[in-house]
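>>> Predicted coordinates and the sequence they were generated for:
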Protein chains: 2
Amino acid sequence: MRSNSVAGHRILLAHGSGGSLTHDLIAQLFIKHFTHPALLRLDDAAVLAMQDEARIAFTTDSYVVSPIFFPGGDIGKLAVCGTVNDLAMVGAKPLYLSAGFIIEEGFPMVDLERIVASMSAMSREAGVAIVAGDTKVVNHGSADKLFINTAGIGLLPAGLEISGNRARPGDVVIVSGTLGDHGIAIMSQREGLAFSSTLESDCAPLNGLVAEMLAAGEIHALRDPTRGGLATTLNELARQSCVGIEIEEARLPIRQAVHGVCEMLGLDPLYVANEGKLVAVVAPEQAESIAQVMRAHRYGRDTAIIGRVVESHPARVVMRTLLGTSRIVDMLAGEQLPRIC
Amino acid sequence: MRSNSVAGHRILLAHGSGGSLTHDLIAQLFIKHFTHPALLRLDDAAVLAMQDEARIAFTTDSYVVSPIFFPGGDIGKLAVCGTVNDLAMVGAKPLYLSAGFIIEEGFPMVDLERIVASMSAMSREAGVAIVAGDTKVVNHGSADKLFINTAGIGLLPAGLEISGNRARPGDVVIVSGTLGDHGIAIMSQREGLAFSSTLESDCAPLNGLVAEMLAAGEIHALRDPTRGGLATTLNELARQSCVGIEIEEARLPIRQAVHGVCEMLGLDPLYVANEGKLVAVVAPEQAESIAQVMRAHRYGRDTAIIGRVVESHPARVVMRTLLGTSRIVDMLAGEQLPRIC
């Protein structure tokens, strides 16, 4: 995608997958033109100096999920939780959100109100305030129903440094609960899979959970495995920190129903999006106590220690399978589930 | 739009016009659910307390302009300038921007790079850094080419209070240049009006101009007359401050070409969007010196004093016409120019 090679290239769905083509687009186009160091860190939120000693975190996400209402949530709940979580993933206390709506002409007002009410309820739960907004309406057919952008500002505690580049060999990798629930709930709804009606999105604000984790021990990196799933998130951490990561398949918390839908649709739960889970890389001596605190929290009940950071195979993620073999777990290539968030 | 009356109602293009239906939507739906005082002020950016004495400004806008390339700019330049200007309109020094892209599958990579490069160039000119980003891709037909959301953070000088609610009787109303250039440039491009090929969007970052104005005198209110045009902006200021505003048609700076296209298309330039102009309400004794400083700035050359704030007819804008009569200038009703920004 160097300037002499973009001619003729077009944006693919996979450029929005969160996987390797998204990373290529960021590395080869956005970062070529947007060069601020806070952006180049590629964490979930930018950490920014304000005046005096104060630091804030700043992040943005657009939400284009389809359908806009799904088991366990809606696009509005997702838009609040997703941005709150991105702030929490650098250790910031989320304070303020903006909300930008792009609405297709003819969209039912009652649905808009339901979504706005859902955003309001979720922002109250997360303890953030929606303080700025914008509404654009486009002609029928120029957008699919409703897209929402939320940007967020959080306050960083003095001295706290949590970043995807701080994983160290010996660190322990923890996941806060079952994997793939959000993506599979959306897919089941989309495909009309009735038998999986018990599946709900895990969409939830994780800032409360993170606050308790920070009080419990030393956390080096946090990330929420959304688009691209756990596999992509672990690869990002391994690359940013130049370390290897080893996980054990037997320890991965995955619901039976998620396994079932994944087998039927030919999906790998490691690559399916989550919207209320986090991956934590923590100091080994405190891993068990941090995991215990997490299990006591309503959004961390199924917390599992799933692996560790190693010196060997830097920038690679390796999984010991149920069969006892090892396999490389790569970043998501292509696009599995368009418009999952 | 009370909860028992939204049933059956649908979003209209006019809900995104910036005019009276947009104001109804904000007043009756968004503000019902989003109740933070910073939002309720309805200024261009929210003013937020951080720790200690520091205050920041925070704003968001989505850009859905069509076509995405137009005389004088493109959607990327617009997205940077628009958000920089919203921060400047509360007196803040713009520091950081986020950029959220929603892209239609198949969008040419070379166009994306041109837009990203334009955002980068414009953020350098405005002295802001793009520090957070997000990319979503939707299936072909689910969005029209490209939408961009930018949110922005600015720092507020201690003690500065600029708000749409601070206009006082006796204040002088200044506009920083010719009206309607952006909207008419877009419309001419859209309608293929070749004769108007000299018309360009006025899209520009106004933070430098505002900084010089702040040094020159006492400014009570600032607003950039984008969607809904000058008429809507003046009505917003009159309502927020509970004052009347009187303007003189003879003093309004409007290019001959804009007049011509407006007559042909049946548009009123008072309601046409600007993207590089501001309206200032200033203390009367400093109005002339502020206007002089503005005329010396590259983005204020055609600055004109167009009217004043009065005690009579609160919340109403009245114009003395070229014929010597007076007429009420109301907020934009309906939608003139969809997807103008």
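Structure received. This is a predicted model, so every value here is computed, not measured.
>>> So what's the residue count around the spatially closest residue to A:A216 that is not a sequence neighbour?
Distance criterion Cβ to Cβ, 6 or more residues apart in numbering or on different chains; nearest residue to A:A216, sequence neighbours excluded, is A:V293 at 4.2 Å. Yep, even glycine has a C-beta here, placed from its N, CA and C like the rest. When neighbours are counted by other Cβ atoms under 10 Å in any protein chain shown, A:V293 registers 18.
>>> Would you check that A:V293 makes contact with A:L214?
No: taking Cβ atoms under 8 Å as the definition, A:V293 is not a contact partner of A:L214, at 9.8 Å.
>>> and the residue nearest to A:A216, what is it in contact with?
A:212-213, A:215-216, A:300 (Cβ atoms under 8 Å, 6 or more residues apart in numbering or on different chains).
>>> Before we go further, it is sitting in a helix, right?
Yes: under DSSP: H, G, I helix; E, B strand; the rest coil, A:V293 sits within a helix.
>>> Could you report the pLDDT at it?
Here, the pLDDT recorded for A:V293 equals 98.
>>> Could you check how far it is from chain B?
As judged by Cβ to the nearest Cβ, to the nearest Å, A:V293 and chain B stand 26 Å apart.
>>> Same question for A:R55.
10 Å.
>>> where's that residue relative to A:S163, distance?
Look at A:R55 and A:S163: by Cβ to Cβ, to the nearest Å, they are 13 Å apart.
>>> buried set for the one helix or strand A:E288 maps to?
When elements are assigned from DSSP states H and E, A:E288 belongs to helix A:287-295. Judged by neighbour count using 16 or more other Cβ atoms under 10 Å in any protein chain shown, the buried positions of helix A:287-295 are A:287, A:290-291, A:293-294.
>>> Just put the residues you listed in a markdown table and tack on distance to A:F34.
Shown next, in a markdown table, are these (distance: Cβ to Cβ, whole Å):
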| residue | distance to A:F34 |
| --- | --- |
| A:A287 | 36 |
| A:I290 | 34 |
| A:A291 | 37 |
| A:V293 | 37 |
| A:M294 | 35 |
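>>> Nearest to B:N139, out of those residues: which one, please.
A:M294 (37.1 Å; Cβ to Cβ).
>>> how would you label the residue lying closest to the closest one once chain neighbours are set aside: helix, strand or coil?
Once flanking residues are discounted, A:M294 sits nearest to A:G300: 3.6 Å by Cβ to Cβ, 6+ apart. Here A:G300 is recorded as coil under three-state DSSP.
>>> Run through the residues that contact A:P205.
A:P205 neighbours (Cβ under 8 Å, 6+ apart): A:80-81, A:84-85, A:88, A:122, A:125-126, A:276, A:299.
>>> And chain A, what are its domain boundaries?
A:7-40, A:45-156, A:172-328 (automatic domain parsing).
>>> Quick check: buried residues in stretch A:162-173?
In stretch A:162-173, counting by 16+ other Cβ under 10 Å, buried: A:162-167, A:171-173.
>>> So what touches it?
A:41-43, A:47, A:89-91, A:219-223, A:234, A:236-238, A:240-241, A:243-245, A:247, A:279-284, A:287, A:305-311.
>>> quick one: low-confidence parts of the stretch 51-200 of chain A?
A:51-52, A:194-197 (pLDDT under 70).
>>> where does A:Q240 land in three-state SS?
helix.
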